[in-house]
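>>> Take a look and give me a structure for this.
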Amino acid sequence: MAEEFLNDIRDAFQTYLEAEGKHQNTIRSYANDLRQFVQWCRSTFGASFDLTDLTRSDIQDFRTFLLTRNSSPASVNRKITALRQFFDYAVQHDIVRINPAADISGINAEPRAPAVLLRKDALLLARTAERNPGPLEAAIILLLLHSGLRSSEICLITVGDVHLTPREGRLFIKGQRGKTTRFVYLSTRAQASLRQYMRWRGVSVMAKRLRKEPLFITYEGNALTQQAVDQLVKRIGRAAGIPDITPSMLRNTYAANALQGGKSIETVARAMGVSSLKTLQKLRLDFDEEPEP
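Below you'll find the predicted structure:
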């Protein structure tokens, strides 16, 4: 199959995923998974292989190949899901007749507990961010830790989404493509860091002409991206002596602390904008099983 044609199909599939509101991390992962699958097909069937010739057995062989490369069950399952969705798309657009990955099962694995920070590490991370010369780091770290926001949601916040009064602070959160909305209430500490950041930016929640502008920008004046948030979190983590921190860990830490503080799973799920309660149930079980110090 011609390289150019394959590239066109992959590009169209990514555009389709974006239109479906898939997370950018998911889209990037699926693109990498498809690239690996195409490479495997070429090495197995030759450079001229055709998508329409692939069968269920071929997908099974690819899954076996992944396992021989010591891929984790979670990684294998994601790659199979990527192929299943890709071939679904290909069937819908008459590129192939059937989906060879339609009924390929995943690999059973013991679910891992969501990664969270210990209380002392969370406090150390927040203090390290607050001591940073610039105000952006503290605002981002405290919003992740104290509000459970996704990095993608932080990047979408506009000046008009901020509601700060002497009595409370909250953010109006829009999901990707504006499909989901909710209010997130801010802790006193998060409010303080956000006020400091807005003073640095020179913007006011009352400035209507700025209400649709991105709230968070880099020190160079560019709109904040998810990649920039990831790098910021890792940088502050290294400064605090806590390597390998991700925004998802801070979001999990918020959920764990809220559940440990007595909030119900349903309340925490609404605050975080999640529909599936499985991860939150796992967090609660981990706390319930943890022995008393």
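>>> Residue 170 should be in a helix, yeah?
No: under DSSP: H, G, I helix; E, B strand; the rest coil, residue 170 sits outside any helix and is assigned strand.
>>> pretty sure it is touching residue 186, no?
Yes: the pair residue 170 / residue 186 is scored as a contact, 6.1 Å apart, by C-beta atoms under 8 Å. The C-beta positions use only the backbone N, C-alpha and C, and glycine is treated the same way.
>>> higher neighbour count, the two?
residue 186 (21 against 17; other C-beta atoms under 10 Å).
>>> quick one, what contacts that one?
143, 146, 147, 168, 169, 170, 171, 194 (C-beta atoms under 8 Å, 6 or more residues apart in numbering).
>>> cool, and residue 218?
Contacts of residue 218 by C-beta under 8 Å, 6+ apart are 136, 224, 228.
>>> Now do the same contact list for the second one.
Residues counted as contacts of residue 224 (C-beta under 8 Å, 6+ apart) are 154, 155, 214, 216, 217, 218.
>>> Any chance of CSV for these, columns secondary structure?
Shown next, in CSV, are the contacts of residue 224 (three-state DSSP):
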residue, secondary structure
154, helix
155, helix
214, strand
216, coil
217, strand
218, coil
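>>> Make TSV from those and add distance to residue 47 to it.
Converted to TSV, the contacts of residue 224 look like this (distance: C-beta to C-beta, whole Å):
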residue	distance to residue 47
154	43
155	40
214	45
216	46
217	46
218	43
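>>> Switch those over to CSV; also include pLDDT.
Listed next are the contacts of residue 224 as CSV, based on pLDDT from 0 to 100:
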residue, pLDDT
154, 92
155, 90
214, 90
216, 94
217, 92
218, 90
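>>> What mean pLDDT does the biggest helix by length in the chain get?
Scanning the chain for the helix with the most residues, using DSSP state H, yields helix 24-45. For helix 24-45, the mean per-residue pLDDT is 90.
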